[in-house]
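Peer 1: Sharing a model prediction with you, sequence too.
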Amino acid sequence: MECTWTVKGSVCGLPAEVRYCLPLCEVHVSTFQSQRTSELRRYAGYSGVESFPGYCYFLLLPGETVKIGYSNTEETLRRRIKDLTREFEKEYGPGGCEVLAVIKGGYAAEAVLHERFRDSRIPGYGERFHLSDDILDFLATAPRIAFSLPA
Ligand SMILES: [Zn+2]
């Protein structure tokens with residue numbers, strides 16, 4: 001499969017995988033993501049993402065890293081947190097996963113926060129970040145939603 005990203009009438013053509021429903025090479029996945037993020041930021045701003053539907057979660061993982069992800073509904077949020085916890089406990093043993101915060105804003109919040117904390121992002125680990133001072137500062141004042149998994 002070839003990348004179909006087109007600039008001034010010329011198609012990229014590098015080896016591609018389907019991402020965001022488009023055949024994109026590694027470079028153009030990044031281009032797509034940063035354009036999507038700036039689009040979202042234009043609509044939401046750093047302080048207005050909570051007006052978007054859905055939830056954005058901060059899940060502490062073993063090794064002081066944090067996954068920042070999103071879910072559209074409370075039900076998928078619970079399922080996602082359970083699945084991730086199970087997955088990481090299988091790899092690292094029980095304990096070590098903890099929901100640090102759930103905030104409003106779903107997909108838009110996730111995109112904006114991924115961009116905001118990009119310096120803390122761990123390359124190659126899918127949406128995982130070092131638990132940096134930036135993230136801790138954000139969490140200290142973030143308007144959280146009460147969330148707990150049934151025992
Ligand atoms: Zn490309």
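Peer 2: Okay, I see it.

Peer 1: Now do the SS call for the residue nearest to the spatial centre of the chain.
Peer 2: For the chain, the residue lying nearest the average C-alpha position, counting by CA atoms, centre = their mean, turns out to be Gly69 (3.8 Å). Of the three states, Gly69 takes strand under DSSP: H, G, I helix; E, B strand; the rest coil.

Peer 1: residues from the chain in reach of the ion?
Peer 2: Residues of the chain lying close to the ion by CB under 5 Å from the ion are 3, 5, 12, 14, 25, 28. Backbone N, C-alpha and C define where each C-beta goes, glycine included.

Peer 1: Could you identify the buried members of those?
Peer 2: By neighbour count, with 16 or more other CB atoms under 10 Å, these hold 3, 5, 12, 25, 28 as buried.

Peer 1: possible to save these as a markdown table with secondary structure?
Peer 2: Shown next, in a markdown table, are these (three-state DSSP):
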| residue | secondary structure |
| --- | --- |
| Cys3 | coil |
| Trp5 | coil |
| Cys12 | coil |
| Cys25 | coil |
| His28 | helix |
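
Peer 1: which residues are in contact with stretch 141-151?
Peer 2: Defining contact as CB atoms under 8 Å, 6 or more residues apart in numbering, one finds that stretch 141-151 is touched by 50, 55, 57, 77-78, 81-82, 99, 101-104.

Peer 1: out of these, which are inside helices?
Peer 2: Using DSSP state H, 77-78, 81-82 are the members of these that sit in helices.

Peer 1: Out of those residues, which is nearest to the ion?
Peer 2: Nearest to the ion out of those is Leu77 (CB to the ion; 33.1 Å).

Peer 1: What count of nearby residues applies to the closest residue to that closest one other than its chain neighbours?
Peer 2: Leaving aside its chain neighbours, Leu77 sits nearest to Ser71 (3.8 Å; criterion: CB to CB, 6 or more residues apart in numbering). When neighbours are defined as other CB atoms under 10 Å, Ser71 has 20 of them.

Peer 1: Give the phi and psi angles for Leu131, as a check.
Peer 2: phi -80, psi 80 (degrees, to the nearest 10).

Peer 1: what about it, distance to Thr65?
Peer 2: Here the criterion is CB to CB, to the nearest Å. By it, Leu131 lies 7 Å from Thr65.

Peer 1: Much appreciated, bye for now.
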